Structures are given as structure tokens and as C-alpha cells.
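In: need coordinates for the below:
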Amino acid sequence: MYMTKDVQTVSPETSMHEAIAKMVRHKIRRLVVLSTEGRIIGIVSEGDIAKNYPSNVNPFSAAGPESIPGAKDVRGILSKNVITISQNQPLEEAAKVMADYHVGGLPVEHDNKLVGIITESDIFRAFVRILSSEEGTARITFGLSENENILSFLIELVKKHNVKLLSFLNYQSQGRNFGVAKISGRQIQGFVDELWDSGHSVENVLRK
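Out: Numbers count the residues shown, from 1 in each chain. Sure, this is the predicted structure:
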């Protein structure tokens, strides 16, 4: 749902100049390196390329690539330990893998074939879309007790106050559990008041 399907790829024999030109042209920071059989064998990133030029040269500037004659191909600089993810994995799993391995993008595979790439920017846009508030909505962040079955409670609450539950997610921070519910309707305040009365600490309410 959120990956980029049009993946820019290169072969191991692609020159540094060519790889740089492709990154600049498509405004991207990494290229997937494929074998002739279409198998993922590595990734080459802006950082990989920059490390192979003198510190006073910006290889991504207009004159940069031409300033070093006879630049190598990407075979000698690509990162071979490629971490991939299945297209059926949830978005938060991709975010967790990126954070755990300190990488900014993951090739996405299906049946051992490259079908896309998901990057930090893709995940950022996805969470903005999920959490952003539209006119007439409210985003409520509240505390949760451990192992609480909050969804059944929220469903009863939205029915009672005739509001719509647009989205819900939960997370942990500093040892505490939180829920974030996005709702719309005329009786938002009644929903919030009952949430308080039920024993949940409402941390903030953002209305639009």
C-alpha cells in the first residue's frame, strides 16, 4: 500500500557516474543492485558513493562526477548484506526493521522477486496520513492499562455518542501504554468526558 513500485535498479557493472546520474535524475538516495537473473545482490547509497570521492568533492553536484576521471563501477562499493521485507508485512514492521538495523530503505520482495522499495519517507508520509486530522475531527491520546481490551470499549463509546471511529493505534512510551483514537461527529466532547470518567487519563485532544 505504501511502497514505491517503480524501483530504480542498476547492475554491478554500472559505473559510478551512471549511478550518480540516475540518483540525481530520480531524486533518490539509493539504488537496488540486481544480478542478470534479477536477484537482489546489494544496495548502493549516496553514502557509499560519497565515501569514494575526496572530502572536498561533492559527487552529486553538476560537476562532481566529471571531476574524478575513470570512476569505478558500483560492484566494489555496494552494501551486500541487504535486509529485505515481504510485501505482506505491516507498515510498523518495516519501520521497526529500519530502526533496528539503522537503514533508510528496504527492498520489498514477493516470491523472492523484487516488487518495490519502502523508505523512511514513505513511512513518514503514511503515518502523517493516518494521524492527520481533517475538518470536524478530533485526535485523542489517552492512557491504557496493560492487556486492556480497548477496542470493544471504544466501539460501545462511539455508538453511545453517535460519533465515528476513523482510526485507532496504540504504542508504548517510557513504560506506559497509550491509545490514539481519531473520531468525527457532533458529540466529541461527550466521548472525551466519558473516556475520562472510565478511568483513562486523556493526555491531549487535538480538534480541527
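In: now the strands for the protein?
Out: Using DSSP state E, the strands of the chain run over 9-10, 30-34, 40-45, 85-86, 105-110, 113-119, 137-144, 164-173, 176-184, 202-207.
In: buried ones in the longest one?
Out: Buried residues in strand 164-173, defined by neighbour count with 16 or more other C-beta atoms under 10 Å: 165, 166. C-betas here are computed from N, CA, C, even on glycine.
In: give me the sheet partners of it and which way each runs.
Out: Within its sheet, strand 164-173 is paired with strand 176-184 (antiparallel), according to DSSP bridges.
In: distance from the chain centre to the partner strand, please.
Out: 20 Å (C-alpha atoms, centre = their mean, to the nearest Å).
In: same question for stretch 187-202.
Out: For stretch 187-202, the distance to the chain centre is 32 Å (C-alpha atoms, centre = their mean).
In: could I get it in PDB with only the CA atoms?
Out: The C-alpha trace of stretch 187-202 is given here as PDB (Å, rounded to 0.1, in the frame of the first residue of the first chain):
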ATOM      1  CA  GLN A 187     -20.700  14.700  20.300                       C
ATOM      2  CA  ILE A 188     -16.900  14.600  20.600                       C
ATOM      3  CA  GLN A 189     -16.900  16.300  24.000                       C
ATOM      4  CA  GLY A 190     -19.300  13.700  25.400                       C
ATOM      5  CA  PHE A 191     -17.000  10.900  24.100                       C
ATOM      6  CA  VAL A 192     -13.900  12.600  25.700                       C
ATOM      7  CA  ASP A 193     -15.700  13.100  29.000                       C
ATOM      8  CA  GLU A 194     -16.800   9.500  29.300                       C
ATOM      9  CA  LEU A 195     -13.300   8.400  28.400                       C
ATOM     10  CA  TRP A 196     -12.100  10.400  31.400                       C
ATOM     11  CA  ASP A 197     -14.900   9.100  33.700                       C
ATOM     12  CA  SER A 198     -14.000   5.500  32.700                       C
ATOM     13  CA  GLY A 199     -10.500   5.900  34.400                       C
ATOM     14  CA  HIS A 200      -8.400   6.600  31.200                       C
ATOM     15  CA  SER A 201      -6.100   9.600  31.500                       C
ATOM     16  CA  VAL A 202      -6.700  11.800  28.500                       C
END
